[in-house]
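K.L.:
Sequence first, predicted model second:
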Protein chains: 2
Amino acid sequence: MSTQSFAYAQVREVLTKQITELQLTGSLPSERELCATFDIARSTLRQALGQLENMGLIYRKNRSGWYVCPRKLKYDPMQHASFLQYTTAQGFQPSTVLLEQKKQKPCKEIATALELDGRASLTSILRVRSVDGRAVVVEDLNFSNKHLPDIDKHDLSLSISMLLKNTYQHHKVLYDISVESCCLFNPIAQHLDTYDGALGLKVTRIVRDQQGTAFEFDREFWRHDALMIENKAKLQF
Amino acid sequence: MSTQSFAYAQVREVLTKQITELQLTGSLPSERELCATFDIARSTLRQALGQLENMGLIYRKNRSGWYVCPRKLKYDPMQHASFLQYTTAQGFQPSTVLLEQKKQKPCKEIATALELDGRASLTSILRVRSVDGRAVVVEDLNFSNKHLPDIDKHDLSLSISMLLKNTYQHHKVLYDISVESCCLFNPIAQHLDTYDGALGLKVTRIVRDQQGTAFEFDREFWRHDALMIENKAKLQF
DNA sequence: CAGTGGTCTAGACCACACC
DNA sequence: GTGTGGTCTAGACCACTGT
C-alpha cells in the first residue's frame, strides 16, 4: 500500500518522509542534484515536486529554489478578528502594503452583489499582506461611496475595521462568504512571489450593515499553502 | 496585459475563452490533436491543461479524455442541511455508496480530537457521494461508541443525521470545522475517479453535543473542482 | 483493436537570483 | 559568472478505455 510503482510517487514519498520526519524548515537540494540522487529525468522529478507543492509541503521562490513551507495561518471568516489580531495570536509577524487606491465604477459582479447601478462610485484598494515576511494574500476591497460617505477622504492604509466602527458606527454586520480553490495569475501571482498559474484559494466576501444593505465587496487571493479555514459554530437541527 | 509571452499561457487563454464563451459542456479534442492545432509539444500542452484543471474548468477521466467541468456544488458547513437536501435544492441528483463499515480503535489524531484513549471503540464508515453520477467526495466518519451506544447496531447506510436526531436526541450541536487544500492519493483518488496526486479540498469536522462533548470526527476529501464553500453569518464587532 | 491519457527520457535554451 | 528554476522539444513505451 505504501510502496508505489511509479517513479514520481516513490520520490514523492521519500521526500515527504524526509520533510515531515526531519521537520525540515530550510531549502531542498537543487533539482539537478535531486535528479542525480534519484536517477530520474528532471521532468519526472518536477512531477513529484509539483505534488509536494500541492500538498502544501514545499514551495518555490522564483528561480531561487524549493523551500519547506512554514505552518499555515488559521483563519476564521466568522470571527471578526482583524488580520493583525489573528496573526499575532498565532505567533506570526504580520505586515501590510497598500498597492493601490482609487475611485472607480463597479464591474458587473460587484454591481450585482452591492445592488448598485453601473454609474455608482466605489472606493477600491488593493493591498498585499504578509506573515513573517512571506506574502500570503492579495486583497481587493471595494467600498460603496453611497453607503460610506467620504470614505475615500480617510487614510485607508490604517485599520479599516477601526474606521468602520468608529466613523461609520457599523457595530454589527452580516457577511456572505465563499471559499473556493483557484489559480493565481499575474499580476497577483507576482505580488505573492509565486508564478503565473500557481494554486490559490479565493475568498469572496459581501459585507452588509444591520439592515442587510451591502456596502462592501472583497476578494482575497491567498497562497493555497498559507491558509487553513477554521470555524467553530453552534447549530440547531 | 492579456497577451502572454509563453506558449502554455497562450494556449491556456485560448482554451479558457473557448470553454467559457461557448459554454461548452462536453469533451475536448485529444491531446495529440490539440498539439497539432497549436503546434506545440505534448508536455507544453499538458502544462496548459493542468492549469485549466487547477482553475476548475476542465477535468480528466482516466485514459478517456478531458471534459468540461459541471458547475460547482455550494456547501455551507454552518447550515445543518443534509447532502440530500442541499444537492437537490441546487438541482443536482445525489447518490451515496457505503464503501466500508467497521469498529476500530482511534488513531492519534482522532483520539486527541474526541478526548478518547487509544483503547476506546469507534464505529467508522467510509462512503463516496456523487452528484449527477460524478463522484465528488469521500467521507470518513468516526463515531464514538461510548457517546453513541450501540450505534454500530443501526443501518448506517441510511441518513445518519436522522439517526442522531431521532435515536440519540442530538438536537443541538457544536461544530469545529476546518477547510484546506490537499492532494488526493490512492485509494481515495480512485473512488473519486481521479488520479493519484490530484488536487482536493479537505474538510475536517469535530461534532459536539450541547455539553460540548465531542462524539464524532469526520474527514471529507472533495474533488477541488466540485466544491464551493458558502457561508452567511451575523457578527458583532 | 485503435486511440487515449499516463509516465518517462535526455536533452536544449532562457531569464533571473545570488554571489 | 555560475547556478537556479522556467520553458520547451521530440520522441518512447505503457495501461487502460471504448468500440
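P.N.:
Cool, got the structure.
K.L.:
ok, and does stretch A:124-142 reach over to chain B?
P.N.:
No. Stretch A:124-142 is not in contact with chain B by CB under 8 Å from any CB of the partner chain; minimum separation 13.6 Å. Where you see a C-beta, it was placed from the backbone N, CA and C, and this is true even at glycine.
K.L.:
and the nearest residue to A:V68 once chain neighbours are set aside, what helix or strand is that in?
P.N.:
Once flanking residues are discounted, A:V68 sits nearest to A:L24: 4.8 Å by CB to CB, 6 or more residues apart in numbering or on different chains. Applying DSSP states H and E as the criterion places A:L24 outside every helix and strand.
K.L.:
Would you list the phi and psi of A:L24?
P.N.:
Dihedral pair for A:L24: phi -70, psi 150, per degrees, to the nearest 10.
K.L.:
And it, how far from B:S157?
P.N.:
From A:L24 over to B:S157 the distance is 44 Å, taken as CB to CB, to the nearest Å.
K.L.:
Looking at these two, which has the bigger crowd around it?
P.N.:
Shown here are A:L24 and B:S157; by other CB atoms under 10 Å in any protein chain shown, A:L24 has more neighbours (15 against 12).
K.L.:
Hmm, that one is touching A:K17, no?
P.N.:
No. Contact criterion CB atoms under 8 Å: A:L24 and A:K17 do not qualify, at 10.8 Å.
K.L.:
pull the CA atoms of the host helix or strand of A:R219 into CSV?
P.N.:
Per DSSP H and E, A:R219 falls inside strand A:214-223. Once non-C-alpha atoms are left out, strand A:214-223 reads as follows in CSV (Å, rounded to 0.1, in the frame of the first residue of the first chain):
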residue,chain,number,x,y,z
ALA,A,214,-24.5,45.6,1.3
PHE,A,215,-21.8,48.2,1.4
GLU,A,216,-18.5,46.3,0.8
PHE,A,217,-17.3,43.7,-1.7
ASP,A,218,-14.0,41.9,-1.1
ARG,A,219,-11.9,39.4,-3.0
GLU,A,220,-9.0,37.8,-1.3
PHE,A,221,-6.5,35.7,-3.2
TRP,A,222,-4.5,33.5,-0.9
ARG,A,223,-1.5,31.3,-1.4
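K.L.:
So which elements touch that strand?
P.N.:
The contact analysis (3 or more CB pairs under 8 Å, 6 or more residues apart in numbering or on different chains; DSSP states H and E) places strand A:214-223 against helix A:108-114, strand A:134-144, strand A:172-184, strand A:198-208.
K.L.:
Least confident of these, on average?
P.N.:
Among those, strand A:172-184 has the lowest mean pLDDT, at a mean of 89.
K.L.:
Quick one: list the elements packing against it.
P.N.:
By 3+ CB pairs under 8 Å, 6+ apart, strand A:172-184 packs against strand A:198-208, strand A:214-223, helix B:42-54, strand B:227-236.
K.L.:
Tell me what the closest residue in space to A:D176 that isn't next to it in sequence is bridged to.
P.N.:
Among residues not flanking A:D176 along the chain, A:I206 sits closest, at 4.2 Å (CB to CB, 6+ apart). On the basis of DSSP bridges, A:I206 is bridged to A:D176, A:F217.
K.L.:
Quick check: A:I206 touching A:E115?
P.N.:
No. Assessed by CB under 8 Å, A:I206 is found out of contact with A:E115, at 10.1 Å.
K.L.:
Tell me the secondary structure at A:P70.
P.N.:
Secondary structure assignment for A:P70 (DSSP: H, G, I helix; E, B strand; the rest coil): coil.
K.L.:
Ramachandran angles for it?
P.N.:
According to degrees, to the nearest 10, A:P70 has phi -70, psi 170.
K.L.:
from memory it sits against A:V136, does it?
P.N.:
No. Between A:P70 and A:V136 there is no contact under CB under 8 Å: 9.8 Å.
K.L.:
Between those two, which is the more surrounded one?
P.N.:
It is A:V136, of A:P70 and A:V136, that has more neighbours when counted by other CB under 10 Å, with 26 against 15.
K.L.:
With adjacent residues omitted, what lies nearest to the more buried one?
P.N.:
In space, A:V136 comes closest to A:A226 once its chain neighbours are excluded; the distance is 4.0 Å by CB to CB, 6+ apart.
K.L.:
Quick one, grab the pLDDT at that neighbour.
P.N.:
pLDDT, A:A226: 96.
K.L.:
from what I can see it touches A:V131, true?
P.N.:
Yes. With contact defined as CB under 8 Å, A:A226 and A:V131 form a contacting pair (7.4 Å).
K.L.:
Can you list the strands that the helix or strand hosting A:S130 pairs with?
P.N.:
Assigned by DSSP H and E, A:S130 falls within strand A:122-131. Partner strands for strand A:122-131, per DSSP bridges, with pairing direction: strand A:94-104 (antiparallel), strand A:134-144 (antiparallel).
K.L.:
residues near A:M228, how many?
P.N.:
For A:M228, the number of neighbouring residues by other CB under 10 Å comes to 19.
K.L.:
so it makes contact with B:S181?
P.N.:
No. Contact status for A:M228 versus B:S181: not in contact, 9.1 Å apart, counting by CB under 8 Å.
K.L.:
since we're on A:P149, how many residues are nearby?
P.N.:
By other CB under 10 Å, 11 other residues sit near A:P149.
K.L.:
mind checking how far it is from chain B?
P.N.:
As judged by CB to the nearest CB, to the nearest Å, A:P149 and chain B stand 20 Å apart.
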